[in-house]
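Colleague: Curious how this folds, go ahead:
(one chain, ligands or ions: 2)
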Amino acid sequence: MSLILTLDEEIARARADLRMGVGIVLSDAGRHFLALAAETLGADRLSAICALGRPVIALTARRAATLKAVPYDADLARIPLPPGAGPDWVKAVADPADDLRKPMKGPLKSERGGSALPHRAAIHLCKAARILPAALLVEIAPGDVPAALTRLDAAAALARIARAPVFGPVISARVPLAVSEAGRVHVFRPEDGGEEHYAVEIGTPDRARPVLARLHSACFTGDLLGSLKCDCGPQLRGALAQMGAEGEGVLLYLNQEGRGIGLANKMRAYSLQDQGFDTVEANHRLGFEDDERDFRLGAQLLRTLGFSKARLMTNNPNKMKMLAANGIEVTERVALKVGRNPLNAAYLDTKAAKSGHLL
Ligand SMILES: Nc1nc2c(ncn2[C@@H]2O[C@H](COP(=O)(O)OP(=O)(O)OP(=O)(O)O)[C@@H](O)[C@H]2O)c(=O)[nH]1
Ligand SMILES: [Zn+2]
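Modeller: Ligands and ions are numbered 1, 2, ... in the order given. The predicted model follows:
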């Protein structure tokens, strides 16, 4: 057995390191960069990184747009750290919480030219770690690369992150539910050490026929707490109730909290919504796209369970497109319009106006 870490294992370590505020090394064509996540950067590490050279902060084009910095690398901007800037400056650039109260004093001048691959890899790793998508990078000489840190080739890491994860089933067991005593929960674990996802199977649907299916994205606040800010709880219970009534169906519970940005970032988005931004604007100010979910995994889990055709319970045409593009024929859309209330009406209307949801 080889003790050398695989790329997936190095990436899993890099995610954990960035969350903890530990640096990682990203290499690109013989050059090496030390990278730390902006969100978890402390004063000590910032001084250490500044002693090595002049760091740049890498931001997504979405965050750069709010800060009026030019994203010369198309999807991202690299902004050199101004002399004397401390952790508070880095936080203010990465985190929009105080954008309105204390607007950044600009202009923020971005760097252009040279490869941005390590910067892009750092941002994608931050997203995969479910922290703010912003990182501080400094180039280091090959002889100075700390041996203890996780090391990744930037291009290889980016290619691997873009690939659909591969899942192995872990366990499945009978769970009698209020909607149907013939319930079964399957647990799937990706080989890359990422989030587990679950499938709730009701009855024993015929694998040759289209299955009544729901791809439900985790919503701690809606599913568990009964939050009135969204329609997730009623959709979850409505979908299961219909499956129970029909005697069969499959609900995938995908751990893509907050449309794939994680609960901490979703709470940041909620704070911005309290400052007057809508759900899409809040995601953009944080540096994320409207929707960071990967629906390929929904298709993959359905196929693993033996299904190739679905009657999909959704109001989101993108879910249907993604399933079709990934080998699941959607024979019918089953509308799932439940849970509208005065506190989520604007949220649902924004999804219809900006994200193409069907009302
Ligand atoms: N980033 C962010 N995520 C949110 C917000 N409100 C709800 N969510 C998340 O949005 C997701 C909603 O998922 P779904 O209901 O499956 O998806 P959908 O795109 O609305 O599509 P359908 O419900 O199938 O019509 C969950 O992951 C929630 O946690 C918000 O304001 N910001
Ligand atoms: Zn929700």
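Colleague: Just the element for residue 209, please.
Modeller: According to DSSP states H and E, residue 209 maps onto no helix or strand at all.
Colleague: Quick check: the gap between it and residue 326.
Modeller: Going from residue 209 to residue 326 by CB to CB, to the nearest Å gives 20 Å. Just so you know, the C-beta spots here come from the backbone N, C-alpha and C atoms, and that holds for glycine as well.
Colleague: cool, residue 237 as well?
Modeller: 27 Å.
Colleague: cool, residue 94 as well?
Modeller: Separation of residue 94 from residue 326 (CB to CB): 33 Å.
Colleague: of the two, who's got more company?
Modeller: Neighbour totals were compared for residue 94 and residue 326, and residue 94 leads with 25 against 16 (other CB atoms under 10 Å).
Colleague: what residues are up against the more buried one?
Modeller: Residue 94 is in contact with 38-39, 57, 59, 63, 132, 134, 287, counting by CB atoms under 8 Å, 6 or more residues apart in numbering.
Colleague: swap the cut-off to 6 Å and go again
Modeller: For residue 94, the contacting residues are 38, 132, 134, by CB atoms under 6 Å, 6 or more residues apart in numbering.
Colleague: Check the secondary structure at the second one for me.
Modeller: Pointing back at residue 132 there. Per DSSP: H, G, I helix; E, B strand; the rest coil, the local secondary structure of residue 132 is coil.
Colleague: ok, now residue 187?
Modeller: Criterion first, three-state DSSP; result for residue 187: strand.
Colleague: Could you give the bridge partners of it?
Modeller: On the basis of DSSP bridges, residue 187 is bridged to residue 171, residue 198.
Colleague: residues near it, how many?
Modeller: Count around residue 187 with other CB under 10 Å applied: 14.
Colleague: Check residue 345 too.
Modeller: 11.
Colleague: What pLDDT is listed against it?
Modeller: Residue 345 carries a pLDDT value of 85.
Colleague: how much space is there between residue 208 and residue 308?
Modeller: Residue 208 is 9 Å from residue 308, by CB to CB.
Colleague: Would you mind telling me which of the two has more residues around it?
Modeller: residue 308 (15 against 10).
Colleague: Quick check on the more buried one: phi, psi?
Modeller: phi -130, psi -10 (degrees, to the nearest 10).
Colleague: now the one 10 residues further on
Modeller: Geometry field for residue 318 lists phi and psi as phi -60, psi -40, criterion degrees, to the nearest 10.
Colleague: Which residue comes closest to it once chain neighbours are left out?
Modeller: Using CB to CB, 6 or more residues apart in numbering and skipping the chain neighbours, the partner closest in space to residue 318 is residue 356 (6.7 Å).
Colleague: again with residue 217
Modeller: Looking at residue 217 with CB to CB, 6+ apart, the closest residue is residue 256, at 4.6 Å.
Colleague: and the one you found, backbone torsions?
Modeller: Main-chain torsions, residue 256, degrees, to the nearest 10: phi -120, psi 60.
Colleague: was I right about it contacting residue 216?
Modeller: No: checked against CB atoms under 6 Å, the pair residue 256 and residue 216 is beyond contact range at 9.6 Å.
Colleague: Thank you, goodbye.
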